[in-house]
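*Asks:* Okay, sequence plus prediction incoming.
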Amino acid sequence: MKDFIKLVGILFITGAIAAGSLSAVYQLTREPIAEFAKQEKIVALKEVFSSAKDFKEVRTETMWEAYDGQTQLGRVFLTETAGYGGPVKIVFGVNLQNEITAVKILSHTETPGLGAKIALPAFTAQFAGKKADSLALKKDNPAAGNLDAVTGATISSRAAVRGIINALKDSNNGNPAREGSSK
C-alpha cells in the first residue's frame with residue numbers, strides 16, 4: 001500500500017510540474033504568437049491590395065476596407081469554402097470599379113499535385129482585373145466563363161470561385177454587383 005501511495009504521489013508531482021511548465025510557456029508565448037498572426041494577416045492583405053497603405057476592419061476577421069491615406073480604394077475579404085479535400089481559405093481584394101485586384105489561397109487540404117494547384121499563380125493570377133460580379137469557370141459556362149479551371153481539379157477550382165462569389169454576396173445582401181459602390 002505504501003508503494004502505491006508513493007507512486008501516486010510521484011505521478012501527481014510529475015503531472016503538476018508538466019502542467020505548470022506548459023502554462024508558463026503558454027503565458028510567455030501568447031503575445032508574440034498573436035503579434036505574429038496579426039503581422040501575417042497584414043502581409044496577406046497587402047499581397048492582394050498592394051496599392052493600399054492602411055486597412056480598416058469592417059467585419060471581424062472577414063472584411064477590411066483598403067485605404068491610401070483618406071481615399072478608399074476598395075475592400076479585402078477573407079473567406080473559407082469547402083473544397084474537394086476540405087476547407088479552402090482565400091483572401092482577395094476588390095477595387096471600387098468592382099474588379100478583383102488579386103487572389104491568394106492561404107491554406108487548403110486539396111490533393112497534392114492536383115487540387116493543390118489552385119494555390120499556384122497560374123490559377124490565382126487569372127482573377128486579377130476580372131469583374132467581381134461575372135466570375136465563372138469556362139468549363140461551367142462556355143459562353144460567359146472567364147476563368148480556366150485547373151486540369152484534373154475542377155471541384156477545387158469551383159470551390160475557389162464559389163468562395164469568392166459567396167463572400168461578395170454575404171457582404172452585399174446577396175448582390176455581388178454592389179461591391180464597388182460606396183456606402
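*Replies:* Great, that's in hand.

*Asks:* quick check, distance from the longest strand seen in the chain to the centre of its chain.
*Replies:* Once the chain is assigned using DSSP state E, the strand that runs over the most residues is strand 71-82. The chain centroid and the centroid of strand 71-82 are separated by 9 Å under CA atoms, centre = their mean, to the nearest Å.

*Asks:* other SSEs contacting it?
*Replies:* Here strand 71-82 touches helix 2-48, strand 63-68, strand 87-95, helix 154-171, going by 3 or more CB pairs under 8 Å, 6 or more residues apart in numbering; DSSP states H and E. Every residue, glycine included, has its C-beta placed from N, CA and C.

*Asks:* between it and helix 154-171, how many degrees?
*Replies:* 130 degrees (axes from the mean of the first three to the mean of the last three CA atoms, to 10 degrees).

*Asks:* any idea which of the helices and strands packed on strand 71-82 is most buried?
*Replies:* Neighbour counts (mean count of other CB atoms under 10 Å) averaged over each of the helices and strands packed on strand 71-82 peak at strand 87-95, with a mean of 23.

*Asks:* Report all helices and strands that that one contacts.
*Replies:* For strand 87-95, the elements it packs on are helix 2-48, strand 71-82, strand 100-107, helix 154-171, judged by 3+ CB pairs under 8 Å, 6+ apart.

*Asks:* Alpha carbons of the helix or strand just after the first one, in CSV - could you do that?
*Replies:* Under the assignment DSSP states H and E, the closest C-terminal helix or strand after helix 2-48 is strand 54-59. Taking C-alpha atoms only, strand 54-59 is exported to CSV below (Å, rounded to 0.1, in the frame of the first residue of the first chain):
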residue,chain,number,x,y,z
ASP,A,54,-3.9,51.0,-44.5
PHE,A,55,-6.7,48.6,-43.8
LYS,A,56,-9.8,49.2,-41.6
GLU,A,57,-11.6,46.2,-40.3
VAL,A,58,-15.3,46.3,-41.3
ARG,A,59,-16.2,42.7,-40.2
